[in-house]
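>>> Here's my sequence, what's the structure:
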Amino acid sequence: MPGGHQAFGHTMEQTANQELMEEMGVSTSLTLHRIGLNTTETQAERYYLFYGISDGPFGFDKNEVEAVACFDCEKLLARGYEGEDNGGFEILEHVYEYTQELRGVREILTLA
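Numbering: from 1, shown residues only. Okay, here's the model as predicted:
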């Protein structure tokens, strides 16, 4: 799930496309799924959740991204990647929320 910050003068869709290219090395048309607000005790952040479909090839800009990992969405939602025995990944809470929100998109794609 690539993410980033909007540059002055860019639309949110331009920003999403730029981050997708930088972090995954692909360009595809995007669909806005939802605009929301993440809050913690110390900050609030508005987000725009887009989705797109691409068969790759995928790559990434090593100046932008340290590493890339692939996850099975259902195992992720079951929190199957937590803990030392499962790679010890630190997955932020909003990633679970976004993955859940996009479940309907995944279900449509698997039926196609």
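
>>> Can you find the helix or strand of this structure with the lowest average pLDDT?
Among the helices and strands of the chain, helix 103-111 carries the lowest confidence by mean pLDDT, DSSP states H and E, at a mean of 78.

>>> Could you export that helix as PDB, CA atoms only?
These are the backbone C-alpha positions of helix 103-111, laid out as PDB (Å, rounded to 0.1, in the frame of the first residue of the first chain):
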ATOM      1  CA  ARG A 103     -12.300  -6.500   0.500                       C
ATOM      2  CA  GLY A 104     -15.300  -5.900  -1.900                       C
ATOM      3  CA  VAL A 105     -12.900  -4.900  -4.700                       C
ATOM      4  CA  ARG A 106     -10.900  -8.100  -4.200                       C
ATOM      5  CA  GLU A 107     -14.000 -10.200  -4.200                       C
ATOM      6  CA  ILE A 108     -15.200  -8.800  -7.500                       C
ATOM      7  CA  LEU A 109     -11.700  -9.400  -9.100                       C
ATOM      8  CA  THR A 110     -11.600 -13.000  -7.900                       C
ATOM      9  CA  LEU A 111     -15.000 -13.700  -9.500                       C
END
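
>>> Pull out the buried positions in that helix.
Of the residues in helix 103-111, none count as buried by neighbour count, 16 or more other C-beta atoms under 10 Å. Yep, even glycine has a C-beta here, placed from its N, CA and C like the rest.

>>> now do stretch 95-105
By neighbour count on 16+ other C-beta under 10 Å, the buried set for stretch 95-105 is 98-99, 102.
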